[in-house]
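Undergrad: Provided below are the primary sequence and the corresponding predicted coordinates.
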Amino acid sequence: MKAVLWDMDGTLVDSEKVWDVSLAALYEKLGGVLSPAVRASMVGSVAENTMRIVYTDLGLDLDPDAMADSSRWLNDYTAELFDGGLPWCAGAHELLEELAAEGTPMALVTNTQRALTERALNGIGRHYFAATVCGDEVVNGKPAPDPYLRAAELLSLAPRQCLAVEDSVTGTAAAEAAGCPVLVVPNDVDVPGGSGRSHLNSLAGMDAARLRRIHADLVGAIGERSA
């Protein structure tokens with residue numbers, strides 16, 4: 001394991017709960033009510049896909065200008081909530097501290113747009129990450145592999161040398177498609193198992209040595225599957 005590639009929302013910080021609030025507010029603004037099932041379908045999505053889900057669910061015309069306006073409104077609303085502080089997911093901060101102290105390179109890989117990610121980093125701490133890749137900086141966001149491929153490239157590493165840490169179906173698919181072994185720590189939505197991924201209920205009590213063992217086991221499993 002040469003590096004760790006971190007998802008942000010629901011993996012490092014419990015910001016999915018913040019998105020619950022802002023998305024419910026957007027629905028109210030547009031004259032609807034956000035259902036749990038529709039909210040679950042948005043977890044890990046890029047902004048454009050989220051807006052398509054919202055407008056389709058509400059039976060609104062998929063007008064690009066209206067959807068762009070709604071996306072800006074949602075980001076502005078969410079940014080104000082982010083500025084109030086984001087709670088860490090259990091064990092995440094401690095693991096960042098340990099990995100940083102031993103000099104393990106890390107990257108942040110998120111579908112959240114750059115402007116909003118910068119607001120989140122005010123609380124998380126930019127100093128942990130040698131690189132950050134946001135959803136509006138790649139041709140295709142998660143579940144496409146582009147964000148993870150870009151992060152590995154920025155660290156001058158092959159994807160299989162990096163352990164991705166994810167909480168969502170979308171993010172796990174992206175990391176796996178890029179060739180990264182994946183540690184899945186589900187937050188709000190269950191993530192299916194697979195030979196290239198390992199599951200934990202929480203990062204609480206996790207340490208760097210165990211991360212390396214997980215990575216080594218997954219690399220071995222991926223090698224056996226492809227042999």
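TA: Cool, the structure landed. Numbers count the residues shown, from 1 in each chain.
Undergrad: and residue 142, what pLDDT?
TA: pLDDT, residue 142: 96.
Undergrad: Could you give the backbone dihedrals for it?
TA: The phi/psi pair for residue 142 (degrees, to the nearest 10) reads phi -60, psi 140.
Undergrad: ok, now which ones touch it?
TA: Each residue near residue 142 by CB atoms under 8 Å, 6 or more residues apart in numbering is listed here: 44, 45, 46, 111, 135, 170, 171, 173, 174. Every C-beta, even on glycine, is put in place using the N, C-alpha and C of the backbone.
Undergrad: quick one: the third one from residue 195, how far?
TA: In this structure, residue 46 and residue 195 are separated by 27 Å, where distance is defined by CB to CB, to the nearest Å.
Undergrad: So if I had to pick from these two, which one is more boxed in?
TA: Shown here are residue 46 and residue 195; by other CB atoms under 10 Å, residue 46 has more neighbours (23 against 13).
Undergrad: and the closest residue to that one other than its chain neighbours, what does it touch?
TA: Nearest residue to residue 46, sequence neighbours excluded (CB to CB, 6 or more residues apart in numbering): residue 141, at 3.6 Å. Listed by CB under 8 Å, 6+ apart, the contact set of residue 141 reads 46, 49, 111, 135, 147, 174.
Undergrad: what sits up against the helix or strand bottoming out on mean pLDDT in the chain?
TA: Least confident element among the helices and strands of the chain, by mean pLDDT, DSSP states H and E: helix 208-226 (a mean of 86). For helix 208-226, contacts defined as CB under 8 Å, 6+ apart pick out 1, 4, 95, 98-99, 102, 104, 160, 163, 181-183, 195-198.
Undergrad: show me where the chain has helices.
TA: Applying DSSP state H to the chain gives helices spanning 16-30, 36-42, 47-57, 64-83, 92-101, 114-124, 146-154, 169-178, 208-226.
Undergrad: Could you say which one of those comes nearest to residue 189?
TA: helix 36-42 (5.4 Å; CB to CB).
Undergrad: Give me the below-cutoff pLDDT ranges for this protein.
TA: 223-227 (pLDDT under 70).
Undergrad: so what are the domain limits for it?
TA: 3-14+87-226, 16-83 (automatic domain parsing).
Undergrad: quick one on the thing from earlier: quick check: the two most widely separated of the contacts of residue 142?
TA: Largest pairwise distance in the contacts of residue 142, by CB to CB, is 14.4 Å, between 135 and 173.
Undergrad: More neighbours: those two, which one.
TA: residue 135 (24 against 21).
Undergrad: if we can go back for a sec, tell me the most buried of the domains of the chain?
TA: domain 3-14+87-226 (a mean of 19; mean count of other CB atoms under 10 Å).
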